[in-house]
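> okay, sequence plus prediction incoming.
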Amino acid sequence: MSARGGTFALTVATARPAQWTKNLFVLGPLLFAKRVLDPSAGLRSIVACASFCLMSSAIYVLNDLADAEQDRNHPLKRIRPLASGMLSRQAAWLAFGLLAALASVLSISLGSQVAFLAVLYFAAMVAYCVRLKHVLIIDSLVIAIGFVLRVVAGAAAVHVEATHWLVACTFLLALYLAFAKRRQELTVLSGAASSHRHVLSEYSSSYLDQVNNILLGTVVLCYALYTVAPETVTRFGTDRLIYGTVFVLYGMLRYMVLLHTGRGADPSVLVLRDRPLLIAVLCWAMYNCLVIYRREITEIGNRLFSSWRY
């Protein structure tokens, strides 16, 4: 492999495209606003998602630039291109600038509201990388806020308002995953946790277990209440979304099992690697599509049947 090709591959690894699954939250409003069959809304939603994918990759590069020294003390992160010294800091800074610039162009193309939310997300994540990830509890809250900004930006992209239920469910789920990740880091690093990141020494496994138990129940309850809320039933003309709660509950319980048996990696990666967890997510998505778009699906089916019949 040429030096240029090697640098490109290392830069892509630092940008962590595998983490782009987190930005699927941007597409959430498209589904729950019943705009999936609107080509214009679909395109705008995809562009918004792409913008946040590039923006989050820029943040990952910045994070690795800031944490290169500490990552050398981590059993897994020490092989990252910047921590291992395989990728130069100059190349990383160039990648950061290009990714941020491309993300900005895409967000601006969707209008001032999406651009403003993208700037807020970028500012919050930069603050996280520089300082806030070292502050107890605030580190996880900032991550959760980042997910909320994704959802609100996705709603702005398709010209709908993100409901307070959608915001609340997103925030609580993201907070659960953020604290679960801290729990996983304590398990992997054990006694070396504080040398990797000082804030980890301020957490304890028992505290994080209690927090995650509380958040697990809160997320499931909040989602269940959303599905039967009067405005939800009015919007979709049914209260059957409640039955999809079983997939939410199973997915979160499955992730907790993986977490406590030492198999709980980053959720965005784990959801693609753990088959039961992936099946739960896909079943949840398919069930919601069937319930929300049942009339459109029935109409399309009738048209296809009529054309085949005659």
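Happy to help now that I have it. Residues are numbered from 1 along each chain as shown.
> C-alpha only now, for contacts and for neighbours.
Noted.
> number of nearby residues for residue 46?
17 (other C-alpha atoms under 10 Å).
> could you check how far it is from residue 283?
Between residue 46 and residue 283 the distance is 22 Å, computed by C-alpha to C-alpha, to the nearest Å.
> same deal with residue 179?
For residue 179, the distance to residue 283 - C-alpha to C-alpha - is 25 Å.
> pLDDT below threshold where in the stretch 51-200 of the chain?
Residues of the stretch 51-200 of the chain that meet the criterion pLDDT under 70 lie in 71, 73-76, 190-197.
> all helices for it, in order.
Here the stretch 51-200 of the chain has its helices, by DSSP state H, counting those that start in this stretch, at 81-84, 89-109, 112-130, 138-157, 164-189, 193-196.
> and residue 23, which of those helices is closest to it?
Comparing the helices of the stretch 51-200 of the chain by their distance to residue 23 (C-alpha to C-alpha), the top pick is helix 138-157, with 7.0 Å.
> residue 300: which of the helices of the stretch 51-200 of the chain is closest?
Smallest distance to residue 300 across the helices of the stretch 51-200 of the chain (C-alpha to C-alpha): 26.2 Å, for helix 138-157.
> how far off helix 164-189 does that closest one point, in degrees?
Here helix 138-157 runs at an angle of 140 degrees relative to helix 164-189 (axes from the mean of the first three to the mean of the last three C-alpha atoms, to 10 degrees).
> flag every buried residue along helix 138-157.
139-157 (16 or more other C-alpha atoms under 10 Å).
> kindly report the same for stretch 206-224.
208-209, 212, 215-216, 218-220, 222-224.
> okay, now residue 303: neighbour count?
12.
> quick revisit: out of the helices of the stretch 51-200 of the chain, which comes closest to residue 238?
Residue 238 lies closest to helix 164-189 among the helices of the stretch 51-200 of the chain, at 16.7 Å (C-alpha to C-alpha).
> which helices and strands sit right next to the closest one?
Here helix 164-189 touches helix 138-157, helix 205-228, helix 245-260, going by 3 or more C-alpha pairs under 8 Å, 6 or more residues apart in numbering; DSSP states H and E.
> quick check: buried residues in the helix or strand that the second one is followed by?
Moving toward the C-terminus from helix 205-228, the next helix or strand (DSSP states H and E) is helix 230-236. Buried residues in helix 230-236, counting neighbours by 16+ other C-alpha under 10 Å, are found at 232, 236.
> switch to numbering from 54
Sure thing, new numbering starts at 54, so read that last one as helix 283-289.
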